[in-house]
Structures are given as structure tokens and as C-alpha cells.
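[1] whatever this is, show me its structure:
(chains A and B)
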There are 2 protein chains.
Amino acid sequence: MLSTMQDDQLSLADLLRHGSTLHSESEVVTWTSSGPRRATYGQVGKRAAQLANALRGLGVTGDQRVGTFMWNNAEHLEAYLAIPAMGAVLHTLNIRLFPEQLVFVANHAEDHVVIVDGTLVPLFAKQLPQLKTVQHVIVANGDPASLEAPEGVQVHAYDELLAAQPETFDWPVVDERSAAAMCYTSGTTGDPKGVVYSHRSIWLHSMQVCMSDSMRLDQSDKALVIVPMFHAMSWGMPYAAFMVGASMIMPDRFLQPEPIAQILAAERPTFAGAVPTIWQGLLQHLDANPQDISHLREVVVGGSAAPPAMMHAFEERYGVPILHAWGMTETSPLGSVARPPASATGEEAWQYRYTQGRFPASVRARLIDDDGNEVPWDGESVGELEVRGPWIAGGYYGDADPAKFHDGWLRTGDVGKITPNGYLTLTDRAKDVIKSGGEWISSVDLENTVMSHPAVAEAAVIGVPDEKWDERPLVAVVLREGEQVSADELRTFLQDKVAKWQLPEHWTFVEEVPKTSVGKFDKKRLRAAHAEGKLDVAHF
Amino acid sequence: MLSTMQDDQLSLADLLRHGSTLHSESEVVTWTSSGPRRATYGQVGKRAAQLANALRGLGVTGDQRVGTFMWNNAEHLEAYLAIPAMGAVLHTLNIRLFPEQLVFVANHAEDHVVIVDGTLVPLFAKQLPQLKTVQHVIVANGDPASLEAPEGVQVHAYDELLAAQPETFDWPVVDERSAAAMCYTSGTTGDPKGVVYSHRSIWLHSMQVCMSDSMRLDQSDKALVIVPMFHAMSWGMPYAAFMVGASMIMPDRFLQPEPIAQILAAERPTFAGAVPTIWQGLLQHLDANPQDISHLREVVVGGSAAPPAMMHAFEERYGVPILHAWGMTETSPLGSVARPPASATGEEAWQYRYTQGRFPASVRARLIDDDGNEVPWDGESVGELEVRGPWIAGGYYGDADPAKFHDGWLRTGDVGKITPNGYLTLTDRAKDVIKSGGEWISSVDLENTVMSHPAVAEAAVIGVPDEKWDERPLVAVVLREGEQVSADELRTFLQDKVAKWQLPEHWTFVEEVPKTSVGKFDKKRLRAAHAEGKLDVAHF
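    Down below sits the predicted model:
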């Protein structure tokens, strides 16, 4: 028996139409070196139509890819809306990729046109000759003459290109499961992999972001969009905000604590989202330069675990609650949000807020052990997190990567535990967890415990082969400048802090821990150094 | 280019699983003659599995229909969840239908089983012999022996039937566009028409109800679900609440102001929804029996226009904001919600709040004139409202009814105007609007103006044929007891209140205005009475 509901497609053309008409007076504010510049959603709608006409004029047809190499600004928002709405595919190029990765992803996606911010032209120009499919580069907020184009590539000025175009576009009807946008993940192994979002997944995810159990965005909000639009679609904030008419404040390239503080003072946003590093930097700045930021009703923190001390500092010193959330590029990215149950108060509520959060109804989760079996949600049993749902990836562009999927579920590569009422706590990355005698030791927990010693600046823990136990932990320690402590002393320090069977017997002191391009511990290189005998290890 | 998102189906089995596990401690509270009885969502989940097993045991297979003839209570919630989740179709039978309509809809839907509340057995028993496809009746909260069953119909006790069943069920995977639930609309013309909701439409609608621009339901809410679950799916509240773990308070048959006031005092809900009549009655009761109801963060009012005086009374005397909303059975029902723009304050905000509200992104709207052309959203131009979207009907069960659909859009039968920023004000029903010399006169506006005369109890306005103007208004007036006023005096009273060309020239005084089964003016009968010359009309 069929339903009698309309066979309606969820489509970003409708999102564009809705936001630019019913919320035509909402604003996107872009920060510049001379303060804010403002555009209404009505204007954004017209400019998006002009952009779509311009791209059609440059030969963009069907589901061709259009890349963006841009900061967060009004032009990037126009690209976010126009490209999928015209049936093409938005490809957000991460400006922080290693050069060879950038070349790989632009060629892999076969980008036909790339829109580049003027300030990023020098960075982009170096790789442009290697981008085989790019025929047009559009320079926004800058001088196109600053870009020396290789043979066969035309360069255009964004504003001039748009000015000649009509302010309406005949947006096509698309199947909701067709591609709308893509974003490559930069893992530590192999080539980057393309996650391709659909009109449907973006629509549903936007609704979720605005639900009361998630970010609660609505038309009364002014959202400071700090998460780069080239990183996991800026956590879906641009689309969600446009869906409900929440105004947006775009910091462009001004992501340092001082300009962020200026933007806060000038625009008084009600909401913001960013990784812990940004908030930590802002906190230090605010402590030195006090400023009222209580206009922020809430800020969401994700990307990596929010330190509890930082959460308390913002709430207790500045009256701003921090909402912890978990997700990844493959999950659009909203995976879980740490709103405590209404019944929890005081310290119990804080314990819930420290977790990675609870899953919304559209995200299903399970924990899987080494044997492929589900482990219970008892708040103690540990397994690899797998997720399912309408905005969760089931493959990569041109690459099914069977190691990342399990019976249709996404293997997140994160290891953790879940309480009976669905709160997730991550304890490690699956590839970093140390499997010792059938038990799993969290490398992250060990690192945090070692780093709580006052002489330790950094500590990275990897598993090393062990005949009896399969693997045992090796700790690589970076000492604080001028501090001295021996491996023996550190072992003693750990004795009453970790279970006896987890106590590491392998220790090494290093100048620094190798890092990935996004600043995380690069344990692959640490393991290689150990395998090659380059580490000077003390054994107990 | 296909997206790489999982091909995931939105399914009420997942909603049931999610709510009963992650929110297992949330509660459904059912009011009884001896106070509240409570069940957790964890218990509801087990009972839903038992119900599904029981229905399977009674031969329910595939997408067979299972009817409910019930008040709002925990058992009805179990039916709401179990029946669609098992792949069958929930058919909510409106206990207030005329007997012949009830017989028609149960036969038309081919209900296989009907679950009936004990207190409704006498009402149901009369029609049961005419229900041709019903093979089993399950009596909830009552004595099955009270129902004398016709030959071939088996009667069961709900609790006994469930007690024998396992507490788990192997919920099937269904296509999200397949039927989940159905509800017949009781128009004033022709047979009732079946609206069939899909898993997809209910899922999306539930998300919308929880969005910040709509009802904002979340796990911290306790929702008093007054709108009958047999009427437009109780405005989608049961599914939305279960999706996010909001607790529910079900008033069962206790819908009079006094028990509602008792429930408010005992359970302190944070949210509630009902038609204006309920709130008007409660207001009178509260004014005579003061009680704190500020635990209600908001109440939503729809079904018919909320009187501004009532909205002010609740907000100013009781600290409870009333949220006006519009919808109909064919729109799931959320169509528009009257949250004012953030920029509007004071009187301007109130003007927005009096409207039927603004459309969310998933509901597209247009106004169509007599010639089938769109009229502009200028806040003045009037047309028939047509809507599109993923939870809007595109037909009826077994009846496409082309008069109700227009190029895939639902013709709502409502006439109104829309502001440039998308706020809808309804002025009339399309069939009641008076088309005079190419202009439309709102019968509702005229009625309200006549009813503002102190001697008038009720006034209904219909269009009557006119050679020169096509149609002109005729006013049927019911005087207040003991009051006297002439048609001439009423015309004079209207002179400075309506445009000159709208001033009615046909007047009649009647004992009462004929009403439909749901208490609305039955203008069809009034028109028939006029056509048959049964009204004593004064002409000017």
C-alpha cells in the first residue's frame, strides 16, 4: 500500500529559494581588514543566481564539479548555494592540504572550475599547473591579474563575472539522492578519500542541526561560523542557518583570538562553533583582555575532545555554555551532541556534558569488538564505533574502501563506550588502541595520565609487538624545557593512576612527537621510527 | 554522479527502537478517573513488541490496516508505534464521525483488526455489525465481555492478549515511501477521504516539530497531548515526542476544563497543543479557579484561528505564550507556525503572532486566483492557498480527487494572503468566499464584524446569486437571548467597519446556524435552505 504523500524531492534549490525569500532580510556578515561588510539573504539569492548563470556560461553542465579554495565569506556561501542548486557538485578544497594532496583531490574529482579567494591566490597558483581538468579560475575578493594562468586556463574576476548575469535562474529539479557537494578526508594513510553528500543528506542534516536536541538554530540566531567551510562543510552550519534564516557572521581569514574577539564585540553573535584550539586561544585572550561575550547563548565544540577545564572556564567565567559534539566528514558531520538528560543536574549533568554526546534518532550506532560482535551499551564495554543513517557515508567517491564499511555501517575508526541511555565516550582511535592479552588499552588515556606529570610537555603512546601479550604500550615523552624526570619516576607516578596490567614497560624520550598536517600526533611515523630502531628505549 | 551516502530508509521501526532505548526512562502518563498511571518508554517499547506479536498472531500481515477507536492513552501510543513498525498500517478512527461515516471509512480502509477503548465500546458496538472486514476487536482498558460480537468477529482483552507475547519483535525493513498510517478527513461534502502518511513523511514531520522554528520539543519537555490521536495524528506530537524522548501526558477522555486543570497541577507539563475551544474553556475555568500554569513554556493552538484576546489573556495573566499554527489532515498537519521575526517587537510582534504563521523550508506555498495564476506575496493580494512538500498529500486513498490537486500541489480550500516574508493570514474558505464583481469578499471577516455587535450571538455569511455582481453576501443572524436589533440597524452598524462595496444587502434572522459534526458553520445547509426559499430574507 503506497502512501498518498507527494513524491517530493528534498532539494537545495528549494533551500536557496526559501532562505532568500522568506528570510530575505537575514544577513551574512563578512569580516574584512576594514571591518564588516554585509549582504542580505535576498541579495545572496540574487548573487547565487548570477553565479549559476556565470558557471553555465563557462560550460558547467550536469553534475560537473566546481571547486572552492576559499575562506568563510559571503562569496563562499553563494557558491555553497548556487552550485548544488544548479545541479552541479560543490567541491570544497581544503586550503591546508599538502600540495600533492590538493593536486590529487582536484584531479580525482575532475574539477572544471575553481573559485579562489584573492588572498589564497599565491597558495593556489603553485599547484594550478598540475590541475588537469581545471579550465576556469574565478578570483573572488582579489585581483585576477595576480594569478598567472597556465596555457588553456582562463581567469575571471568574480564580481565582474556576476555583474553581467541575470538575477534569476531556472533551477532544475534533481533527484534527492544525487550528489550536491563533496569533501575529501585527509587521513594519515593513503590518498584522501571523497565523501559525496546528497541533496537529501544535506537537507536532513540541516533539519537536525536546527532541532532542539542539537544546535537549536533559528531565525533569531546570529551564528559565528568559525569552522572552515572547506572542512566537513563547516559542520553543516551554512545550510542549516540558511534553512531557518539565522544570520551568519563569516570571519574570512581572521581566525586568531584578537580578531575573533573584535568580531564578537562588533556583531554580538548568539551562537558559534569551532574546534577546541580556537576556544582555548580565545579564552587566553579574554582572560588577558576581559570582554562580555554573554551574547553567545551557546557554543558548540567538536573535532577533538573539549577539555573539561575549558568548558568550565567559559561557563563559569563568561556565562557561555559549551556544547560538546562528535562527528566526522563521513557523518556530515553531526553524529552526537552532549545535551544531558533533563533529570541530571549538577555534577551528574557535567559528566554527561564531557562525553561525545547522545545520538539523535537519525543516527544509529553500535560498538563492535575484534571478533565482529556487538558489545553492550553498559558504559564500560569498549568497541569500535560503527554508525548508520541517512547522512552517513556508505562509501567514497570512486573507492568503496571495504575496510571502512561493515555490512553497510560506517566504521568510524573511533573506539569507545556507550551508556545505556546512548551517551558516547571515545577512548581512542581504533588503529592506536593497544591490544594486550585480549584486553584493549586506550593510548589516549595513558597519554593524558603521563601528561598530567608536571615535567611532561607531551606524551604519545603506541603499541609495540610483544610475544606474550601480543602488544604492550611504549611511551614517547617530550619533557618541558628545563625539566628532568626519569622513566622510572614516571612509572612510579603512574602506579596509583592506571590498572596494574596497563602500566607501560617501554619508555623513550624524544625531542618532539611527529605531527600530521592538522596537528595531531602522527603515530604512524612514531611506529616506523621504533620499527627502524631509531628510538632509544628503556625497558622495565 | 551519485552521492556516497548510505541508502538509508526513514522508518518508524527505528523511531520505536530509538525512543525505547536511548530515552527508555521518559514517560507516558495516562490520566484516569483515579489519577495518573505511568509507563516508561522502555516499557512502551516492550509492549509495542508484544502488540506486534499479538497482531501477527491474529493474522495481520503485510500492509493490512489496524484501526484504533481510542482516546489518548498509553495503549494508543503503543498502537501508534507497533502497527507501522511491523509494516502494517495504523488507521485512526475518529470517534466523533457520524455513524454512517465510521462505517464507510472502516470498510473503505478494509480494517482487519480494531483496538477499542473500554469506555468507547457502547459507541463502537452499534456500528460493528456493519464493518465488513473486521475479524478481531481488541478491547483496551475495559471488559471485552461488554462487547457483543457479531458472528465471525473475535473479541480480545488487550492486556491479556499482550501478556502472552514475547517482548521483542523482528521489525521488518520497509521502503520509506510505504504507508504507515491513515486518517480520513470529514469534509462537509461527499464521503470522507483517506490521507495515507508514509514512514518518510512522519519522520520528516517529526523532525520539523522538534525544530527551533516550530514546536521545539526535546527530551526536557513534558508534552500534554490534548489534540485527539484520532484527529490529524494529534498534530504529529506522539511521534515527535518519542523521537526526542519528550515525556507525554495523555488526558484520555478527560478533556473538560476541570480535569485539564487537575492534570496541569499534578503533572506540570512544559508544552501542550489543542484547538482554541479547549483553551477558551480552560481560561474561563482558571479565571474562576486561579492556578499557576507557568510551567507551560508554550502552548500551540491551531485547528481554527486563535482569538487574539485569548492569546493576550494567557500570556499576560498566566505567563504562558500561545503559539499560533496552521495545518490540516492533508498537511500532516504542520503547515505554518507563527513565530515572529526576531526584528519584530511589541505590537509588531503581536501582529505576526496573530497570523497563521510562516512556512518552514519543507513546505512550499503559493496563492492562486480564479484564473489559475499566482498572486504576489504582498500581504494584500488574496488567493487560494496551495502547498507542496514531503509531508503534504498528493492524493487520497483510492481517490485522486482531481479537484483537490493542481499540478501536484494540494489545494487547501483556504483563501488568504501572504506577506513578503512568508506569513500567512487566512481570510476564508475557498467555497465560502463571495465573488462579487471580480473581487473576493471574505465571509469570515463579515461574520466577525457582524458578531462584534452586542446583540448578535452568531452570524453566518453566504454568497447568493446576483445578476449584476455574480454573487452578493447574505447574512444569517442569530440574536442573543432577549436581544433585539433590526437588519437596518446592523447595516448601519457595519457602515464604517467594512468597505462600501462589501456592505451586505441580504439579511435573515434564524434560530440557529446549522453546524457540522465538528461544530463548524455548515454553510452548505444554509445555502440549500436559501435556495429552497426557506429563509425569510430582507433585501436593501
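[2] pick out the residue nearest the middle of chain A.
    A:Ala232 (4.4 Å; C-alpha atoms, centre = their mean).
[3] would you confirm that that residue contacts A:Gly335?
    No: using C-beta atoms under 8 Å, A:Ala232 is not in contact with A:Gly335; the gap is 10.8 Å. For every residue, glycine as well, the C-beta is placed using N, CA and C.
[4] joint contacts of those two?
    Counting by C-beta atoms under 8 Å, 6 or more residues apart in numbering or on different chains, the contacts common to A:Ala232 and A:Gly335 are A:Gly327, A:Met328.
[5] got the contact list for the residue nearest to the centre of chain A?
    With C-beta under 8 Å, 6+ apart, A:Ala232 has these contacts: A:Cys183, A:Gly327, A:Met328, A:Thr329, A:Ser332, A:Pro333.
[6] would JSON lines of those with distance to chain B be doable?
    Below are the contacts of A:Ala232 laid out as JSON lines (distance: C-beta to the nearest C-beta, whole Å):
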{"residue": "A:Cys183", "distance to chain B": "11"}
{"residue": "A:Gly327", "distance to chain B": "14"}
{"residue": "A:Met328", "distance to chain B": "14"}
{"residue": "A:Thr329", "distance to chain B": "11"}
{"residue": "A:Ser332", "distance to chain B": "8"}
{"residue": "A:Pro333", "distance to chain B": "13"}
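[7] can you redo these as JSON lines with secondary structure?
    Formatted as JSON lines, the contacts of A:Ala232 follow (DSSP: H, G, I helix; E, B strand; the rest coil):
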{"residue": "A:Cys183", "secondary structure": "strand"}
{"residue": "A:Gly327", "secondary structure": "coil"}
{"residue": "A:Met328", "secondary structure": "coil"}
{"residue": "A:Thr329", "secondary structure": "helix"}
{"residue": "A:Ser332", "secondary structure": "coil"}
{"residue": "A:Pro333", "secondary structure": "coil"}
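[8] determine which two of the residues you listed are furthest apart.
    The distance between the two most remote of those (C-beta to C-beta) is 12.5 Å, for A:Cys183 and A:Gly327.
[9] compare the contacts of A:Ala232 and tell me which is most surrounded.
    The residue in the contacts of A:Ala232 with the most neighbours, by other C-beta atoms under 10 Å in any protein chain shown, is A:Ser332 (29 neighbours).
[10] ok, the closest residue to A:Asn94 other than its chain neighbours - contacts?
    Leaving aside its chain neighbours, A:Asn94 sits nearest to A:Phe230 (4.7 Å; criterion: C-beta to C-beta, 6 or more residues apart in numbering or on different chains). Residues in contact with A:Phe230 (C-beta under 8 Å, 6+ apart) are A:Thr68, A:Phe69, A:Met70, A:Thr92, A:Leu93, A:Asn94, A:Ile95, A:Arg96, A:Cys183.
[11] verify the stated contact: the fifth one with A:Val114.
    Yes: taking contact to mean C-beta under 8 Å, the distance of 7.0 Å between A:Leu93 and A:Val114 places them in contact.
[12] tell me, what's touching those two both at once?
    Common neighbours of A:Leu93 and A:Val114, counting by C-beta under 8 Å, 6+ apart, are A:Gly67, A:Thr68, A:Phe69, A:Ala106.
[13] does the second one really touch A:Ile115, like I thought?
    Which is A:Thr68. Yes: using C-beta under 8 Å, A:Thr68 makes contact with A:Ile115 at a distance of 5.0 Å.
[14] now do the shared contacts for these two.
    Here A:Thr68 and A:Ile115 have A:His76, A:Ala79 as joint contacts, going by C-beta under 8 Å, 6+ apart.
[15] gap between A:Tyr396 and chain B?
    6 Å (C-beta to the nearest C-beta, to the nearest Å).
[16] my bad, should have said A:Pro321
    Applying C-beta to the nearest C-beta to A:Pro321 and chain B gives a distance of 14 Å.
[17] which ones are touching that residue?
    Taking C-beta under 8 Å, 6+ apart, one finds A:Arg297, A:Glu298, A:Val299, A:Phe314, A:Glu315 in contact with A:Pro321.
[18] now, those that are in strands?
    Among these, the ones falling in strands (DSSP state E) are A:Glu298, A:Val299.
[19] and A:His312, how many residues sit next to it?
    Other residues within reach of A:His312, judged by other C-beta under 10 Å, total 13.
[20] wasn't it part of a strand?
    No: counting by three-state DSSP, A:His312 is not part of a strand but helix.
[21] wait, doesn't A:Thr168 sit right on A:Arg47?
    No: between A:Thr168 and A:Arg47 there is no contact under C-beta under 8 Å: 11.7 Å.
[22] of these two, which one has the most company?
    A:Arg47 (25 against 12).
[23] ok, the longest helix along chain A near chain B or not?
    The longest helix of chain A (DSSP state H) is helix A:41-57. No: using C-beta under 8 Å from any C-beta of the partner chain, helix A:41-57 stays clear of chain B, with a minimum separation of 9.6 Å.
[24] so which of the contacts of A:Pro321 is surrounded by the most neighbours?
    Most neighbours among the contacts of A:Pro321, by other C-beta under 10 Å: A:Val299, with 25 neighbours.
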